[in-house]
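Peer 1: After the sequence you'll find the predicted model.
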Amino acid sequence: MRPRRYLTGEKTMPATTPDSRVLRDPTEAIELDLKDPLLAAFLAWLIPGLGHWYQGRTGKGVLFMVCILGTYFFGLYLGQGHVVYASMRQGDRRLPYLCQIGVGLPALPAVVQAQRLRSGKHVLWDGFMAPPRLGGPVSAKDMSGKVIPHPSELAKWHYELHNFFELGTVYTMIAGLLNVLAIYDAWAGPVLMVAARKEPEE
């Protein structure tokens with residue numbers, strides 16, 4: 001029989017009492033079957049909300065999936081697919097990716113693109129989530145058709161996207177960090193707040 005956990009407002013404890021679903025006292029333990037917490041945490045990282053879905057907490061799973069993935073893909077849209085990429089090259093250490101990878105599978109194409117670029121292969125998907133080329137200069141046309149030289153491809157992205165490059169980066173980072181909290185919730189269960197009891201007046 002799979003062990004269950006009982007959650008209180010202060011801590012999580014292993015189940016040592018029979019099944020109890022009706023609470024007469026708000027300080028009593030609430031039964032919540034987290035199934036395999038490690039698997040739930042992995043699924044929650046792989047796809048936001050999937051770990052909660054696996055645990056049967058579908059409401060929370062849908063909420064996390066919509067909010068976190070919505071935030072992530074909106075940021076990706078603002079940055080036209082350029083704000084999420086993996087790079088630890090000299091002169092281009094993309095530290096925001098350490099936060100973005102928190103959303104799991106949706107950020108993993110960046111790893112594939114970085115590996116192909118490192119191996120000297122052509123990047124896939126028309127450069128989607130691919131690191132920028134470090135060499136320069138790079139030329140691009142503005143809206144009037146005038147050719148504008150840029151010192152690097154990253155500088156070209158900043159010029160073309162203006163503030164949307166930074167905004168897209170922030171949105172995708174926030175999504176990754178939010179999913180870290182969701183992963184912890186899938187592993188440890190929710191934190192329940194127990195209201196303080198009022199002392200009877202003398």
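Peer 2: Here it is on my side, so go on.

Peer 1: Just give me the longest helix of the protein.
Peer 2: Across the chain, the helix with the greatest residue count (assigned by DSSP state H) is helix 164-188.

Peer 1: Identify each buried residue in that one, please.
Peer 2: For helix 164-188, a neighbour-count test (16 or more other CB atoms under 10 Å) marks 164-165, 167-176, 178-179, 182-183, 185-188 as buried. Where C-beta positions appear, they are placed from N, C-alpha and C, glycine not excepted.

Peer 1: next one: stretch 151-166
Peer 2: By neighbour count on 16+ other CB under 10 Å, the buried set for stretch 151-166 is 152-158, 161, 164-165.

Peer 1: Show the average pLDDT along the longest helix of the chain.
Peer 2: Here helix 164-188 scores 97 as its mean pLDDT.

Peer 1: same check, this time on stretch 46-63
Peer 2: Average pLDDT, stretch 46-63: 96.

Peer 1: quick one: the helices in the chain?
Peer 2: Applying DSSP H to the chain gives helices spanning 37-46, 50-54, 58-78, 97-100, 109-118, 153-161, 164-188.

Peer 1: of all those helices, which lies closest to residue 133?
Peer 2: Judged by CB to CB, the one of the helices of the chain that comes nearest to residue 133 is helix 153-161, at 4.5 Å.

Peer 1: Tell me the gap between the closest one and the middle of its chain.
Peer 2: Centre-to-centre, helix 153-161 and its host chain are 25 Å apart (CA atoms, centre = their mean, to the nearest Å).

Peer 1: any idea of the angle that helix forms with helix 164-188?
Peer 2: Relative orientation of helix 153-161 and helix 164-188, computed by axes from the mean of the first three to the mean of the last three CA atoms, to 10 degrees: 100 degrees.

Peer 1: pLDDT below threshold where in the chain?
Peer 2: For the chain, applying pLDDT under 70 flags the ranges 1-30, 141, 143, 192-202.

Peer 1: at 50 instead, please
Peer 2: Applying pLDDT under 50 to the chain picks out residues 1, 3, 8-24.

Peer 1: quick revisit: tell me how far the longest helix of the chain is from the chain's mean position?
Peer 2: 4 Å.
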